[in-house]
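Undergrad: I'll drop the sequence and a predicted model, then ask my questions.
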Amino acid sequence: MASINTILDIGRWSLHAQQMGVSVTAHNIANVNTPGYSRQILILEPAKPQDSSPGQLGRGVRPVSIERVYDHFLATQLRRELGTQGNLSTQASYFRQLEAIYSGLSDSDLGAQFQNFWSAWEELSLHPEGSAQKVALKETALELTSRLNGLHSKLVSLRDQLNRSLAISVQRVNELTSQIAELNLQIARSKGSGQNPNDLKDMRDKALDELAGLLNIDFWEADDGTMWVMGPGGMALVMGTNRWELEVKETSPGIQDVLWTDSHGNEVMMTDHISSGSMAGILGMRDRVVLREMDRLDSLARELIWEVNTRVSRGAPLSPFSSLQAEVQIEDPNAPLFSSNLPYAERLKEGTLTIWLYDSSSPPNPVGKIEVEVDSSTTLGDIVGQINASPENGGKLVAEISQGFLRLESANGYGFLIGEDTSSVCAFLGLNVFFRGSSATDISVSQHIQGDPSKLGAAWVDPLDGTFSPGDNRVVLDVLDLRDSPLAALQGHTFEGMWASAVAGVGVEAAASYRTSDYQDAVVAQLEEQRASVSGVNLDEEMVKLLEYQWAYQAAARLIQTSREMLQTVMSILE
(Lines give C-alpha, C1' and ligand atoms only; values in the text may rest on other atoms or scores of the structure.)
Protein backbone atom coordinates (compact mmCIF):
# COMPACT_ATOMS: atom_id res chain seq x y z
CA MET A 1 0.00 0.00 0.00
CA ALA A 2 1.37 3.34 -1.01
CA SER A 3 2.14 5.74 1.80
CA ILE A 4 2.39 9.51 1.76
CA ASN A 5 6.19 9.11 2.12
CA THR A 6 6.21 6.97 -1.03
CA ILE A 7 4.39 9.73 -2.91
CA LEU A 8 6.90 12.29 -1.58
CA ASP A 9 9.76 10.05 -2.68
CA ILE A 10 8.27 9.73 -6.18
CA GLY A 11 7.98 13.51 -6.36
CA ARG A 12 11.54 13.99 -5.16
CA TRP A 13 12.97 11.63 -7.79
CA SER A 14 10.81 13.25 -10.44
CA LEU A 15 12.18 16.66 -9.51
CA HIS A 16 15.68 15.26 -9.72
CA ALA A 17 15.08 13.65 -13.13
CA GLN A 18 13.43 16.71 -14.67
CA GLN A 19 16.15 18.98 -13.29
CA MET A 20 18.78 16.69 -14.84
CA GLY A 21 16.85 16.80 -18.13
CA VAL A 22 16.92 20.59 -18.06
CA SER A 23 20.71 20.48 -17.47
CA VAL A 24 21.25 18.15 -20.42
CA THR A 25 19.07 20.34 -22.64
CA ALA A 26 20.94 23.44 -21.49
CA HIS A 27 24.23 21.71 -22.35
CA ASN A 28 22.92 20.95 -25.86
CA ILE A 29 21.76 24.52 -26.39
CA ALA A 30 25.11 25.91 -25.19
CA ASN A 31 26.96 23.74 -27.74
CA VAL A 32 24.68 24.38 -30.71
CA ASN A 33 27.62 25.94 -32.62
CA THR A 34 30.41 23.74 -31.24
CA PRO A 35 32.15 21.79 -34.06
CA GLY A 36 32.10 18.03 -33.49
CA TYR A 37 29.56 18.15 -30.65
CA SER A 38 27.03 15.31 -30.53
CA ARG A 39 23.60 15.97 -29.07
CA GLN A 40 23.04 14.30 -25.71
CA ILE A 41 19.85 12.83 -24.30
CA LEU A 42 18.81 11.79 -20.80
CA ILE A 43 17.75 8.15 -20.55
CA LEU A 44 14.96 7.61 -17.99
CA GLU A 45 13.33 4.42 -16.82
CA PRO A 46 10.68 3.52 -14.24
CA ALA A 47 11.94 2.77 -10.73
CA LYS A 48 11.63 -0.76 -9.39
CA PRO A 49 7.97 -1.18 -8.49
CA GLN A 50 6.69 -2.03 -5.01
CA ASP A 51 4.71 -5.21 -4.45
CA SER A 52 1.27 -4.40 -3.19
CA SER A 53 -2.33 -5.46 -3.24
CA PRO A 54 -4.14 -5.54 -5.63
CA GLY A 55 -0.88 -5.21 -7.72
CA GLN A 56 2.54 -3.64 -7.98
CA LEU A 57 2.75 0.08 -7.38
CA GLY A 58 5.17 2.19 -9.36
CA ARG A 59 7.87 4.11 -7.47
CA GLY A 60 8.41 6.87 -9.99
CA VAL A 61 11.31 7.53 -12.33
CA ARG A 62 15.05 7.03 -12.19
CA PRO A 63 17.72 8.64 -14.47
CA VAL A 64 19.74 5.81 -16.03
CA SER A 65 22.40 7.56 -18.13
CA ILE A 66 23.23 10.46 -20.39
CA GLU A 67 23.90 9.21 -23.91
CA ARG A 68 25.15 11.02 -27.00
CA VAL A 69 23.27 10.59 -30.25
CA TYR A 70 25.95 9.09 -32.48
CA ASP A 71 25.89 6.99 -35.66
CA HIS A 72 29.10 4.89 -35.80
CA PHE A 73 28.54 3.77 -39.38
CA LEU A 74 27.98 7.34 -40.59
CA ALA A 75 31.09 8.54 -38.73
CA THR A 76 33.21 5.81 -40.32
CA GLN A 77 31.90 6.63 -43.78
CA LEU A 78 32.52 10.33 -43.25
CA ARG A 79 36.12 9.73 -42.17
CA ARG A 80 36.76 7.69 -45.29
CA GLU A 81 35.39 10.50 -47.44
CA LEU A 82 37.36 13.09 -45.47
CA GLY A 83 40.53 11.22 -46.44
CA THR A 84 39.56 11.35 -50.09
CA GLN A 85 38.66 15.02 -49.77
CA GLY A 86 42.02 15.82 -48.17
CA ASN A 87 43.82 14.09 -51.02
CA LEU A 88 41.86 15.75 -53.83
CA SER A 89 41.66 19.24 -52.35
CA THR A 90 45.41 19.26 -51.68
CA GLN A 91 46.18 18.25 -55.26
CA ALA A 92 43.77 20.85 -56.62
CA SER A 93 45.44 23.54 -54.53
CA TYR A 94 48.91 22.70 -55.84
CA PHE A 95 47.67 22.31 -59.42
CA ARG A 96 46.63 25.96 -59.23
CA GLN A 97 50.18 26.87 -58.30
CA LEU A 98 51.60 24.70 -61.09
CA GLU A 99 49.26 26.29 -63.63
CA ALA A 100 50.42 29.71 -62.45
CA ILE A 101 54.02 28.64 -63.08
CA TYR A 102 53.27 27.32 -66.56
CA SER A 103 51.06 30.18 -67.65
CA GLY A 104 52.63 33.39 -68.85
CA LEU A 105 52.27 36.36 -71.11
CA SER A 106 52.47 35.61 -74.81
CA ASP A 107 55.80 37.38 -75.13
CA SER A 108 57.48 35.77 -72.12
CA ASP A 109 56.37 32.16 -71.84
CA LEU A 110 58.66 29.36 -72.93
CA GLY A 111 56.80 28.69 -76.17
CA ALA A 112 57.23 32.30 -77.24
CA GLN A 113 60.90 32.19 -76.22
CA PHE A 114 61.45 29.17 -78.47
CA GLN A 115 59.81 30.98 -81.37
CA ASN A 116 62.08 33.98 -80.82
CA PHE A 117 65.10 31.66 -80.63
CA TRP A 118 64.37 29.99 -83.96
CA SER A 119 63.57 33.36 -85.54
CA ALA A 120 67.02 34.62 -84.52
CA TRP A 121 68.65 31.58 -86.18
CA GLU A 122 66.54 32.19 -89.27
CA GLU A 123 67.68 35.80 -89.41
CA LEU A 124 71.30 34.65 -89.07
CA SER A 125 70.80 32.20 -91.92
CA LEU A 126 70.00 35.18 -94.17
CA HIS A 127 73.06 37.11 -92.95
CA PRO A 128 75.65 34.52 -91.79
CA GLU A 129 78.39 37.17 -91.69
CA GLY A 130 76.32 39.69 -89.74
CA SER A 131 77.65 40.60 -86.32
CA ALA A 132 74.38 42.24 -85.32
CA GLN A 133 72.49 39.01 -86.07
CA LYS A 134 74.93 37.01 -83.92
CA VAL A 135 74.55 39.45 -81.04
CA ALA A 136 70.75 39.25 -81.38
CA LEU A 137 70.94 35.44 -81.37
CA LYS A 138 73.07 35.50 -78.25
CA GLU A 139 70.62 37.77 -76.43
CA THR A 140 67.62 35.71 -77.52
CA ALA A 141 69.37 32.54 -76.37
CA LEU A 142 70.13 34.14 -73.01
CA GLU A 143 66.44 34.94 -72.59
CA LEU A 144 65.52 31.37 -73.48
CA THR A 145 68.04 29.86 -71.05
CA SER A 146 66.99 32.31 -68.35
CA ARG A 147 63.38 31.24 -68.85
CA LEU A 148 64.33 27.57 -68.58
CA ASN A 149 66.36 28.30 -65.44
CA GLY A 150 63.46 30.25 -63.96
CA LEU A 151 60.88 27.57 -64.68
CA HIS A 152 63.07 24.90 -63.15
CA SER A 153 63.73 27.08 -60.11
CA LYS A 154 59.99 27.57 -59.60
CA LEU A 155 59.37 23.85 -59.89
CA VAL A 156 62.11 23.24 -57.32
CA SER A 157 60.46 25.81 -55.03
CA LEU A 158 57.12 24.05 -55.46
CA ARG A 159 58.75 20.70 -54.67
CA ASP A 160 60.37 22.18 -51.56
CA GLN A 161 57.05 23.68 -50.53
CA LEU A 162 55.46 20.25 -50.82
CA ASN A 163 58.25 18.82 -48.66
CA ARG A 164 57.60 21.49 -46.03
CA SER A 165 53.86 20.80 -46.15
CA LEU A 166 54.61 17.11 -45.66
CA ALA A 167 56.71 17.87 -42.58
CA ILE A 168 53.97 20.11 -41.15
CA SER A 169 51.37 17.40 -41.77
CA VAL A 170 53.51 14.79 -40.00
CA GLN A 171 53.92 17.14 -37.06
CA ARG A 172 50.15 17.56 -36.91
CA VAL A 173 49.64 13.78 -37.07
CA ASN A 174 51.90 13.40 -34.04
CA GLU A 175 49.99 16.10 -32.17
CA LEU A 176 46.67 14.40 -32.93
CA THR A 177 47.84 10.94 -31.89
CA SER A 178 49.12 12.47 -28.65
CA GLN A 179 45.68 14.02 -28.06
CA ILE A 180 43.93 10.72 -28.79
CA ALA A 181 46.20 8.80 -26.41
CA GLU A 182 45.58 11.36 -23.64
CA LEU A 183 41.82 11.27 -24.26
CA ASN A 184 41.96 7.48 -24.19
CA LEU A 185 43.42 7.68 -20.71
CA GLN A 186 40.72 10.06 -19.49
CA ILE A 187 37.93 8.04 -21.13
CA ALA A 188 39.19 4.76 -19.63
CA ARG A 189 39.25 6.34 -16.17
CA SER A 190 35.71 7.68 -16.60
CA LYS A 191 34.44 4.34 -17.86
CA GLY A 192 36.15 2.59 -14.97
CA SER A 193 34.31 4.76 -12.46
CA GLY A 194 30.96 4.06 -14.13
CA GLN A 195 30.68 7.37 -15.97
CA ASN A 196 29.76 7.94 -19.61
CA PRO A 197 32.38 10.40 -21.01
CA ASN A 198 30.33 11.80 -23.89
CA ASP A 199 32.18 15.09 -24.27
CA LEU A 200 35.58 13.37 -24.14
CA LYS A 201 34.44 10.99 -26.89
CA ASP A 202 33.34 13.94 -29.01
CA MET A 203 36.76 15.50 -28.57
CA ARG A 204 38.41 12.22 -29.58
CA ASP A 205 36.14 11.82 -32.61
CA LYS A 206 37.01 15.34 -33.72
CA ALA A 207 40.71 14.47 -33.52
CA LEU A 208 40.05 11.26 -35.48
CA ASP A 209 38.20 13.21 -38.18
CA GLU A 210 41.16 15.54 -38.60
CA LEU A 211 43.60 12.63 -38.55
CA ALA A 212 41.60 10.84 -41.28
CA GLY A 213 41.86 14.01 -43.37
CA LEU A 214 45.66 13.78 -43.16
CA LEU A 215 46.31 10.10 -43.94
CA ASN A 216 44.57 6.74 -44.23
CA ILE A 217 43.83 5.12 -40.86
CA ASP A 218 41.98 2.13 -39.42
CA PHE A 219 40.44 2.40 -35.98
CA TRP A 220 38.27 0.54 -33.49
CA GLU A 221 37.12 0.97 -29.91
CA ALA A 222 38.33 -1.47 -27.26
CA ASP A 223 36.20 -2.81 -24.40
CA ASP A 224 37.67 -0.27 -22.00
CA GLY A 225 36.53 2.59 -24.25
CA THR A 226 39.98 3.40 -25.63
CA MET A 227 40.42 3.87 -29.37
CA TRP A 228 43.10 1.96 -31.28
CA VAL A 229 44.40 3.62 -34.42
CA MET A 230 46.47 1.97 -37.15
CA GLY A 231 48.20 4.04 -39.79
CA PRO A 232 49.27 3.28 -43.37
CA GLY A 233 50.73 -0.18 -43.85
CA GLY A 234 49.13 -1.38 -40.62
CA MET A 235 51.65 0.48 -38.45
CA ALA A 236 50.32 1.32 -34.97
CA LEU A 237 49.79 4.98 -34.20
CA VAL A 238 47.74 4.67 -31.00
CA MET A 239 47.07 1.57 -28.89
CA GLY A 240 45.23 2.54 -25.77
CA THR A 241 47.43 5.07 -24.01
CA ASN A 242 50.55 4.17 -26.03
CA ARG A 243 51.45 6.04 -29.20
CA TRP A 244 54.05 6.02 -31.95
CA GLU A 245 55.32 9.06 -33.84
CA LEU A 246 56.04 9.58 -37.50
CA GLU A 247 59.03 11.51 -38.77
CA VAL A 248 60.23 13.00 -42.03
CA LYS A 249 63.71 12.36 -43.40
CA GLU A 250 65.46 13.34 -46.63
CA THR A 251 66.14 10.03 -48.35
CA SER A 252 67.52 11.51 -51.58
CA PRO A 253 68.35 15.05 -52.74
CA GLY A 254 65.16 17.11 -52.63
CA ILE A 255 62.99 14.14 -51.58
CA GLN A 256 61.64 13.62 -48.08
CA ASP A 257 59.87 10.46 -46.95
CA VAL A 258 57.67 9.53 -44.01
CA LEU A 259 59.13 6.99 -41.57
CA TRP A 260 57.66 5.06 -38.62
CA THR A 261 59.90 3.78 -35.84
CA ASP A 262 58.99 0.70 -33.83
CA SER A 263 59.72 0.14 -30.15
CA HIS A 264 63.15 -1.30 -31.02
CA GLY A 265 64.21 1.76 -33.00
CA ASN A 266 63.80 0.15 -36.42
CA GLU A 267 62.66 2.58 -39.11
CA VAL A 268 59.94 1.55 -41.55
CA MET A 269 59.21 3.49 -44.75
CA MET A 270 55.56 4.54 -44.85
CA THR A 271 55.52 6.84 -47.88
CA ASP A 272 54.37 4.19 -50.35
CA HIS A 273 51.52 3.11 -48.04
CA ILE A 274 49.93 6.55 -47.66
CA SER A 275 46.91 6.37 -49.96
CA SER A 276 44.47 9.03 -48.75
CA GLY A 277 44.36 12.30 -46.88
CA SER A 278 46.21 15.51 -47.58
CA MET A 279 49.55 13.74 -47.11
CA ALA A 280 48.69 11.43 -50.02
CA GLY A 281 47.83 14.53 -52.06
CA ILE A 282 51.17 16.11 -51.18
CA LEU A 283 53.16 12.99 -52.05
CA GLY A 284 51.20 12.33 -55.23
CA MET A 285 51.59 15.90 -56.40
CA ARG A 286 55.31 15.90 -55.65
CA ASP A 287 56.26 12.46 -56.99
CA ARG A 288 53.74 12.05 -59.80
CA VAL A 289 53.44 15.60 -61.14
CA VAL A 290 56.15 18.04 -60.02
CA LEU A 291 59.09 15.63 -60.35
CA ARG A 292 57.72 14.51 -63.72
CA GLU A 293 57.57 18.12 -64.92
CA MET A 294 61.08 18.77 -63.63
CA ASP A 295 62.33 15.73 -65.54
CA ARG A 296 60.45 16.82 -68.65
CA LEU A 297 61.92 20.32 -68.46
CA ASP A 298 65.39 18.86 -67.91
CA SER A 299 64.93 16.55 -70.91
CA LEU A 300 63.87 19.52 -73.02
CA ALA A 301 66.95 21.52 -72.02
CA ARG A 302 69.25 18.50 -72.24
CA GLU A 303 68.22 17.69 -75.81
CA LEU A 304 68.37 21.35 -76.87
CA ILE A 305 71.93 21.62 -75.57
CA TRP A 306 73.12 18.43 -77.22
CA GLU A 307 71.40 18.80 -80.57
CA VAL A 308 72.46 22.42 -81.06
CA ASN A 309 76.00 21.80 -79.82
CA THR A 310 76.66 18.79 -82.06
CA ARG A 311 75.82 21.01 -85.04
CA VAL A 312 77.52 24.21 -83.93
CA SER A 313 80.74 22.47 -82.77
CA ARG A 314 81.85 21.99 -86.39
CA GLY A 315 80.98 25.57 -87.37
CA ALA A 316 83.58 27.98 -88.74
CA PRO A 317 83.43 31.70 -87.88
CA LEU A 318 84.72 34.45 -90.19
CA SER A 319 88.35 33.55 -89.44
CA PRO A 320 90.17 30.61 -87.81
CA PHE A 321 90.59 30.42 -84.04
CA SER A 322 93.86 31.31 -82.39
CA SER A 323 92.77 29.71 -79.11
CA LEU A 324 89.82 27.77 -77.84
CA GLN A 325 88.99 26.23 -74.47
CA ALA A 326 86.49 23.52 -73.72
CA GLU A 327 83.82 24.26 -71.08
CA VAL A 328 83.44 20.82 -69.47
CA GLN A 329 85.91 20.01 -66.72
CA ILE A 330 87.43 16.52 -66.61
CA GLU A 331 88.54 15.61 -63.10
CA ASP A 332 90.68 12.65 -64.15
CA PRO A 333 92.37 13.21 -67.54
CA ASN A 334 93.58 9.62 -67.54
CA ALA A 335 90.12 8.04 -67.17
CA PRO A 336 88.23 6.84 -70.27
CA LEU A 337 85.71 9.45 -71.36
CA PHE A 338 83.11 6.84 -72.32
CA SER A 339 82.87 5.50 -68.76
CA SER A 340 82.83 8.85 -66.98
CA ASN A 341 79.84 10.05 -64.97
CA LEU A 342 79.68 13.29 -66.90
CA PRO A 343 76.56 14.31 -68.83
CA TYR A 344 76.30 12.98 -72.37
CA ALA A 345 79.04 10.36 -71.85
CA GLU A 346 76.56 7.76 -73.07
CA ARG A 347 76.28 9.63 -76.39
CA LEU A 348 79.96 9.45 -77.27
CA LYS A 349 80.70 7.31 -80.31
CA GLU A 350 83.78 5.73 -81.72
CA GLY A 351 84.86 8.05 -84.50
CA THR A 352 87.27 10.72 -85.69
CA LEU A 353 87.71 14.38 -84.78
CA THR A 354 89.32 16.47 -87.53
CA ILE A 355 91.08 19.76 -86.76
CA TRP A 356 92.22 21.87 -89.74
CA LEU A 357 95.27 24.16 -89.56
CA TYR A 358 95.54 27.45 -91.46
CA ASP A 359 98.15 30.08 -92.26
CA SER A 360 97.72 33.81 -91.68
CA SER A 361 97.04 34.77 -95.30
CA SER A 362 93.80 36.44 -96.35
CA PRO A 363 91.81 34.41 -96.99
CA PRO A 364 93.57 31.79 -94.87
CA ASN A 365 94.83 28.65 -96.58
CA PRO A 366 94.68 25.19 -95.01
CA VAL A 367 98.14 23.89 -94.22
CA GLY A 368 97.27 20.52 -92.74
CA LYS A 369 94.79 18.59 -90.68
CA ILE A 370 94.98 16.67 -87.43
CA GLU A 371 92.87 13.56 -87.01
CA VAL A 372 92.10 12.37 -83.51
CA GLU A 373 90.76 8.83 -83.14
CA VAL A 374 88.24 8.36 -80.34
CA ASP A 375 87.19 4.97 -78.98
CA SER A 376 85.86 3.52 -75.74
CA SER A 377 89.28 3.67 -74.06
CA THR A 378 90.18 7.23 -75.08
CA THR A 379 91.06 9.66 -72.30
CA LEU A 380 91.44 13.41 -72.37
CA GLY A 381 95.17 12.88 -72.08
CA ASP A 382 95.04 10.66 -75.18
CA ILE A 383 93.34 13.43 -77.16
CA VAL A 384 95.99 15.93 -76.10
CA GLY A 385 98.75 13.46 -76.99
CA GLN A 386 97.29 12.73 -80.44
CA ILE A 387 96.96 16.42 -81.28
CA ASN A 388 100.48 17.33 -80.19
CA ALA A 389 102.05 14.25 -81.78
CA SER A 390 100.29 14.52 -85.13
CA PRO A 391 102.83 14.51 -88.04
CA GLU A 392 100.96 17.41 -89.70
CA ASN A 393 101.01 19.53 -86.58
CA GLY A 394 104.68 20.39 -86.32
CA GLY A 395 104.07 22.75 -83.43
CA LYS A 396 101.40 24.76 -85.23
CA LEU A 397 98.80 23.83 -82.58
CA VAL A 398 99.40 23.12 -78.92
CA ALA A 399 96.90 21.10 -76.87
CA GLU A 400 97.04 21.10 -73.09
CA ILE A 401 94.91 20.41 -70.04
CA SER A 402 94.36 23.46 -67.87
CA GLN A 403 92.69 22.68 -64.53
CA GLY A 404 90.78 19.84 -66.16
CA PHE A 405 89.76 21.78 -69.28
CA LEU A 406 91.06 21.01 -72.76
CA ARG A 407 92.72 24.07 -74.25
CA LEU A 408 93.90 24.53 -77.85
CA GLU A 409 96.23 27.35 -78.85
CA SER A 410 97.90 27.91 -82.22
CA ALA A 411 101.42 29.17 -82.80
CA ASN A 412 102.00 32.66 -84.16
CA GLY A 413 100.99 32.92 -87.78
CA TYR A 414 98.60 29.97 -87.66
CA GLY A 415 94.98 29.30 -86.84
CA PHE A 416 92.69 26.28 -86.62
CA LEU A 417 89.06 25.20 -87.09
CA ILE A 418 87.04 22.19 -86.02
CA GLY A 419 86.01 20.03 -88.98
CA GLU A 420 84.25 16.69 -88.96
CA ASP A 421 83.55 15.11 -85.57
CA THR A 422 81.93 11.71 -85.96
CA SER A 423 82.64 10.91 -82.29
CA SER A 424 80.72 13.95 -80.88
CA VAL A 425 83.62 14.49 -78.48
CA CYS A 426 83.56 18.28 -79.08
CA ALA A 427 79.92 18.50 -77.96
CA PHE A 428 80.80 16.30 -74.98
CA LEU A 429 83.76 18.45 -73.93
CA GLY A 430 82.01 21.74 -74.71
CA LEU A 431 84.54 22.70 -77.38
CA ASN A 432 83.30 25.31 -79.90
CA VAL A 433 79.71 24.89 -78.76
CA PHE A 434 76.74 27.22 -78.37
CA PHE A 435 75.31 26.08 -75.03
CA ARG A 436 76.83 24.90 -71.80
CA GLY A 437 75.26 22.77 -69.08
CA SER A 438 73.16 19.61 -69.27
CA SER A 439 69.75 20.43 -67.76
CA ALA A 440 67.23 23.20 -67.18
CA THR A 441 69.08 24.00 -63.95
CA ASP A 442 72.40 24.97 -65.51
CA ILE A 443 71.72 25.63 -69.20
CA SER A 444 73.35 28.83 -70.41
CA VAL A 445 75.07 30.26 -73.45
CA SER A 446 78.70 29.15 -73.68
CA GLN A 447 81.33 31.53 -72.34
CA HIS A 448 83.15 31.96 -75.62
CA ILE A 449 79.90 32.99 -77.40
CA GLN A 450 78.89 35.32 -74.59
CA GLY A 451 82.37 36.89 -74.63
CA ASP A 452 82.48 37.27 -78.40
CA PRO A 453 79.38 36.37 -80.47
CA SER A 454 81.43 36.64 -83.65
CA LYS A 455 83.06 33.32 -82.70
CA LEU A 456 79.81 31.58 -83.56
CA GLY A 457 80.50 29.63 -86.73
CA ALA A 458 77.86 29.59 -89.44
CA ALA A 459 79.92 27.79 -92.12
CA TRP A 460 80.99 24.19 -92.63
CA VAL A 461 84.61 23.28 -93.23
CA ASP A 462 84.95 21.27 -96.40
CA PRO A 463 86.02 17.78 -95.30
CA LEU A 464 88.09 17.27 -98.49
CA ASP A 465 90.32 20.32 -98.61
CA GLY A 466 89.57 22.31 -95.45
CA THR A 467 88.25 25.37 -97.26
CA PHE A 468 85.39 27.40 -95.80
CA SER A 469 83.42 30.44 -96.84
CA PRO A 470 82.36 33.18 -94.41
CA GLY A 471 79.10 33.48 -96.37
CA ASP A 472 78.26 29.81 -95.87
CA ASN A 473 75.16 29.27 -93.70
CA ARG A 474 74.94 25.48 -93.68
CA VAL A 475 75.58 25.14 -89.91
CA VAL A 476 72.79 27.62 -89.24
CA LEU A 477 70.43 25.76 -91.56
CA ASP A 478 71.35 22.52 -89.86
CA VAL A 479 70.38 24.04 -86.50
CA LEU A 480 67.17 25.41 -88.00
CA ASP A 481 66.17 21.89 -89.05
CA LEU A 482 65.69 21.18 -85.35
CA ARG A 483 62.71 23.52 -85.23
CA ASP A 484 60.45 21.09 -87.06
CA SER A 485 62.26 17.83 -86.35
CA PRO A 486 60.58 15.38 -83.94
CA LEU A 487 63.10 13.76 -81.60
CA ALA A 488 62.85 10.29 -80.08
CA ALA A 489 64.26 11.60 -76.78
CA LEU A 490 61.32 14.02 -76.63
CA GLN A 491 58.75 11.27 -77.19
CA GLY A 492 58.48 12.14 -80.87
CA HIS A 493 57.85 15.85 -80.25
CA THR A 494 59.67 18.90 -81.49
CA PHE A 495 61.04 21.25 -78.86
CA GLU A 496 58.04 23.58 -79.04
CA GLY A 497 55.70 20.59 -79.36
CA MET A 498 57.17 19.07 -76.21
CA TRP A 499 56.49 22.22 -74.24
CA ALA A 500 53.00 22.64 -75.69
CA SER A 501 52.25 19.03 -74.78
CA ALA A 502 53.47 19.62 -71.22
CA VAL A 503 51.32 22.73 -70.78
CA ALA A 504 48.26 21.04 -72.27
CA GLY A 505 48.79 17.92 -70.16
CA VAL A 506 49.01 19.91 -66.95
CA GLY A 507 45.91 21.85 -67.95
CA VAL A 508 43.90 18.67 -68.51
CA GLU A 509 45.10 17.16 -65.22
CA ALA A 510 44.32 20.36 -63.34
CA ALA A 511 40.80 20.59 -64.77
CA ALA A 512 40.11 16.98 -63.82
CA SER A 513 41.50 17.63 -60.34
CA TYR A 514 39.24 20.66 -59.85
CA ARG A 515 36.15 18.69 -60.93
CA THR A 516 36.81 15.70 -58.70
CA SER A 517 37.68 17.95 -55.77
CA ASP A 518 34.45 19.90 -56.14
CA TYR A 519 32.46 16.67 -56.37
CA GLN A 520 34.16 15.29 -53.26
CA ASP A 521 33.43 18.51 -51.38
CA ALA A 522 29.74 17.98 -52.20
CA VAL A 523 29.91 14.35 -50.98
CA VAL A 524 31.48 15.40 -47.68
CA ALA A 525 29.00 18.25 -47.25
CA GLN A 526 26.12 15.83 -47.74
CA LEU A 527 27.52 13.40 -45.17
CA GLU A 528 28.10 16.21 -42.71
CA GLU A 529 24.49 17.28 -43.18
CA GLN A 530 23.38 13.72 -42.49
CA ARG A 531 25.52 13.60 -39.37
CA ALA A 532 24.14 16.96 -38.27
CA SER A 533 20.59 15.70 -38.76
CA VAL A 534 21.38 12.76 -36.47
CA SER A 535 23.85 14.17 -33.96
CA GLY A 536 23.47 17.91 -34.33
CA VAL A 537 21.56 20.19 -32.00
CA ASN A 538 18.19 21.50 -33.23
CA LEU A 539 17.18 24.52 -31.18
CA ASP A 540 13.47 24.05 -31.85
CA GLU A 541 13.59 20.49 -30.57
CA GLU A 542 15.60 21.52 -27.54
CA MET A 543 13.11 24.28 -26.67
CA VAL A 544 10.27 21.77 -26.84
CA LYS A 545 12.20 19.43 -24.54
CA LEU A 546 12.93 22.32 -22.21
CA LEU A 547 9.23 23.05 -21.92
CA GLU A 548 8.47 19.37 -21.36
CA TYR A 549 10.98 19.15 -18.54
CA GLN A 550 9.73 22.44 -17.10
CA TRP A 551 6.12 21.27 -17.05
CA ALA A 552 7.10 17.90 -15.61
CA TYR A 553 9.15 19.68 -12.95
CA GLN A 554 6.20 21.89 -12.05
CA ALA A 555 3.92 18.85 -11.89
CA ALA A 556 6.36 17.03 -9.60
CA ALA A 557 6.57 20.10 -7.38
CA ARG A 558 2.75 20.17 -7.29
CA LEU A 559 2.77 16.48 -6.35
CA ILE A 560 5.07 17.17 -3.42
CA GLN A 561 2.88 20.11 -2.38
CA THR A 562 -0.21 17.89 -2.48
CA SER A 563 1.54 15.16 -0.50
CA ARG A 564 2.55 17.75 2.09
CA GLU A 565 -1.04 18.94 2.43
CA MET A 566 -2.20 15.33 2.82
CA LEU A 567 0.38 14.81 5.54
CA GLN A 568 -0.76 17.97 7.34
CA THR A 569 -4.37 16.74 7.18
CA VAL A 570 -3.40 13.44 8.75
CA MET A 571 -1.40 15.22 11.46
CA SER A 572 -4.32 17.48 12.27
CA ILE A 573 -6.62 14.45 12.67
CA LEU A 574 -4.16 12.78 15.01
CA GLU A 575 -4.10 15.86 17.18
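TA: Thanks, I have the structure now.
Undergrad: surely residue 393 meets residue 356?
TA: No. Taking contacts as C-beta atoms under 8 Å, residue 393 lies outside contact range of residue 356: 11.6 Å. Bear in mind the C-beta positions are built from the backbone N, C-alpha and C, glycine included.
Undergrad: Quickly list what the residue lying closest to residue 392 once chain neighbours are set aside is bridged to.
TA: Nearest residue to residue 392 in three dimensions, chain neighbours excluded: residue 368, at 3.6 Å (C-beta to C-beta, 6 or more residues apart in numbering). Under the criterion DSSP bridges, residue 368 forms beta bridges with residue 357.
Undergrad: which residues does residue 368 contact?
TA: Taking C-beta atoms under 8 Å, 6 or more residues apart in numbering, we find residue 368 in contact with 356-357, 392-394, 396.
Undergrad: ChimeraX command for the buried members of the residues you listed?
TA: The buried residues among the contacts of residue 368 can be selected in ChimeraX (16 or more other C-beta atoms under 10 Å) with this line:
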select :356,357,393,396
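Undergrad: Among the contacts of residue 368, which pair sits farthest apart?
TA: The largest separation in those, counting by C-beta to C-beta, is between 356 and 394 at 14.2 Å.
Undergrad: so how many other residues sit close to residue 437?
TA: 22 (other C-beta atoms under 10 Å).
Undergrad: Which pLDDT value does the model give it?
TA: The per-residue pLDDT reported for residue 437 equals 95.
Undergrad: going forward can the numbers begin at 21, since that is how I track them
TA: Understood, numbering begins at 21; the last thing we discussed is residue 457.
Undergrad: Excluding covalently adjacent residues, which one is nearest to it?
TA: residue 463 is the one closest to residue 457 (C-beta to C-beta, 6+ apart), at 4.2 Å.
Undergrad: what's the following helix or strand after the longest helix along the chain?
TA: Determined from DSSP state H, the single longest helix within the chain is helix 151-212. Of the helices and strands lying after helix 151-212 in sequence (DSSP states H and E), the nearest is helix 218-234.
Undergrad: From the contact counts, what lies against the following helix or strand past that next one?
TA: With elements assigned by DSSP H and E, the helix or strand that comes after helix 218-234 is strand 238-241. Where contact means 3 or more C-beta pairs under 8 Å, 6 or more residues apart in numbering; DSSP states H and E, strand 238-241 is packed against strand 247-250.
Undergrad: who does the strand it packs on touch, helix- and strand-wise?
TA: So strand 247-250, by 3+ C-beta pairs under 8 Å, 6+ apart, packs with helix 151-212, helix 218-234, strand 238-241, strand 256-259.
Undergrad: For that strand, buried residues please.
TA: Buried residues in strand 247-250 (16+ other C-beta under 10 Å): 247-250.
Undergrad: before we move on, what about stretch 258-266?
TA: Those would be 258-259, 263-264, 266, for stretch 258-266 by 16+ other C-beta under 10 Å.
Undergrad: start to end distance for stretch 62-81?
TA: Its start and end residues considered, stretch 62-81 measures 12 Å (C-alpha to C-alpha, to the nearest Å).
Undergrad: Can you tell me what sits against it?
TA: Stretch 62-81 has contacts (C-beta under 8 Å, 6+ apart) with 21-22, 26, 29-31, 33-34, 37, 40-41, 44, 82-87.
Undergrad: let's see 6 Å
TA: If you take C-beta atoms under 6 Å, 6 or more residues apart in numbering as the criterion, stretch 62-81 is touched by 21-22, 30, 33-34, 37, 40-41, 44, 82-87.
Undergrad: try stretch 215-226
TA: Contacts for stretch 215-226 (C-beta under 6 Å, 6+ apart): 56-58, 60, 85-86, 88, 200, 203, 206-207, 210.
Undergrad: Buried subset of those residues, written for ChimeraX?
TA: Applying 16+ other C-beta under 10 Å to the contacts of stretch 215-226 leaves a buried subset, and the ChimeraX line that selects it is:
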select :56,57,58,60,86,88,200,203,207,210
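Undergrad: which of the contacts of stretch 215-226 sit farthest apart?
TA: 85 and 200 (23.9 Å).
Undergrad: shaky segments in the protein?
TA: Scanning the chain with the threshold set as pLDDT under 70 gives 21-22, 73, 124-128, 595.
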